[in-house]
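Visitor: Kindly generate the corresponding structure for this input.
(one chain, ligands or ions: 1)
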Amino acid sequence: MTDLQIEKEFKASARAHANIAVAKYWGKRNSDLNLPLFDSVAFNVEGLYTETTAVWDDDDFRDELIINDWQVPSHVMGRVQRILDSIRKDVGWSKRCVLRSRNNFARSAGLASSASGCAAAALAAASAAGLELSESQLSMLARLGSGSAARSIPAGWTRWYAGSDPDGSDAFAQTIAPPDHWPLHVFVVQISATQKAVSSSEAMMRCEKSPFWQAYLHEASQAADYAQTAILQRDFSALTYAMHHNMMLLHALCMTCDPPVCYVEPKSLELVKRILRACQAVQACCTMDAGANVVVLCEGASYPFVKNDIIALGVPFIQTKIGTGAQRI
Ligand code: PMV
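Guide: Residues are numbered from 1 along each chain as shown. As a prediction, this is how the structure comes out:
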């Protein structure tokens, strides 16, 4: 090789934040493409993120994913594999990809690590391959790995549109309000750092057999519009109703499927009950995704009260704010 023939390195790094849903994604119209039944609405969490570096090379090995120094076995790489396969198809090459990923929080414990992980992987791997994708295209790419990852690409408060195209070309997320639209405090309360026993995808499938499934469909179909209006109007009482109602629907549904799925732990319930009591008097509300951990939102004036209530629980927590979108680093 002459001095001028410098080998191009296909390498890029990205950071993406976890997102927590106000109106949740639960139920798929297509499980291969992770297409949801309904629109969902969420916010990014600034303090919870994944950083990923992607390198494409010509080695004769398989793709690799290393999360916090753990080499993910190839048979469980399925989610990320779909993202890499889609990039290979777009670029028209057969290189393999090595992804090195680091979370600053517990993985698979209901804190949306798959969302931040797949969003960071999608942005890093697409950039490393030289693809210049729009935000919507990146959101759809991340979605292939984990549905909720679609919402970790855009910034702030986001809405993921379920769309209607069978190929999912209209099922992406967009910002509905930027991070500074509503300066709420976010507490992420870690009730458990152990991995959940039942994955979200498995639980979603089981829930379709719950006797409450039809009732759930009816309620869930209206949740995103309601949540979006509450957020845009900065109406804390409406946000509280939206979050609590949607959280209870999801967990009630999970508990009534066969075999039942119970993500709620005693300490989760204790905190949820504290917030349900507190929200009669102060501006505070909470939610839980598919895991035991609880995320609490509150307005400035309520902050000291809410913080004391959380401290009284005696479990670790972080204080943070509404987060930005996925970025190259
Ligand atoms: O994206 P998945 O397959 O991890 O599912 C996420 C499901 C919930 O977190 C419970 C809800 C949501 O909208 O994020």
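Visitor: from here on, contacts and neighbour counts on C-alpha atoms
Guide: Fine.
Visitor: which bits of the stretch 201-329 of the chain sit near the ligand?
Guide: Contact residues (Cα under 6 Å from any ligand atom) of the stretch 201-329 of the chain with the ligand: 201, 289-290.
Visitor: TSV for the residues you listed, including neighbour count?
Guide: Shown next, in TSV, are these (neighbours: other Cα atoms under 10 Å):
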residue	neighbour count
Ser201	16
Asp289	24
Ala290	25
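Visitor: any idea which of those is closest to Gly314?
Guide: Nearest to Gly314 among these: Asp289, at 20.9 Å, using Cα to Cα.
Visitor: Quick one, grab the pLDDT at that closest one.
Guide: pLDDT for Asp289: 93.
Visitor: What's the separation between it and Leu250?
Guide: Asp289 is 8 Å from Leu250, where distance means Cα to Cα, to the nearest Å.
Visitor: With Ser200 instead?
Guide: Counting by Cα to Cα - Ser200 and Leu250 are separated by 11 Å.
Visitor: more neighbours, the two?
Guide: Leu250 (21 against 18; other Cα atoms under 10 Å).
Visitor: May I ask which helix or strand encompasses the more buried one?
Guide: helix 236-255 (DSSP states H and E).
Visitor: buried ones in that helix?
Guide: By 16 or more other Cα atoms under 10 Å, the buried positions in helix 236-255 come out as 236, 238-247, 249-255.
Visitor: swap in stretch 84-96?
Guide: Judged by neighbour count (16+ other Cα under 10 Å), stretch 84-96 contains these buried residues: 84, 87-88, 95-96.
Visitor: Mind checking which of these are in helices?
Guide: 84, 87-88 (DSSP state H).
Visitor: Out of these, the closest to the ligand would be?
Guide: Leu84 (17.4 Å; Cα to the nearest ligand atom).
Visitor: burial of Lys302, as a residue count?
Guide: Careful, residue 302 is Ser and not Lys. 17.
Visitor: right, and it touches Gln283 too?
Guide: Yes - shown here, Ser302 and Gln283 form a contact pair, counting by Cα atoms under 8 Å, at 5.8 Å.
Visitor: which stretches of the stretch 101-250 of the chain form helices?
Guide: 113-128, 135-145, 200-207, 213-232, 236-255 (DSSP state H, counting those that start in this stretch).
Visitor: tell me the most buried of these?
Guide: Stretch with highest mean neighbour count among the helices of the stretch 101-250 of the chain: helix 113-128 (a mean of 29; mean count of other Cα atoms under 10 Å).
Visitor: Could you list every helix and strand in contact with that one?
Guide: Applying 3 or more Cα pairs under 8 Å, 6 or more residues apart in numbering; DSSP states H and E, one finds that helix 113-128 makes contact with strand 10-23, strand 40-57, helix 78-91, strand 96-103, helix 135-145, strand 327-328.
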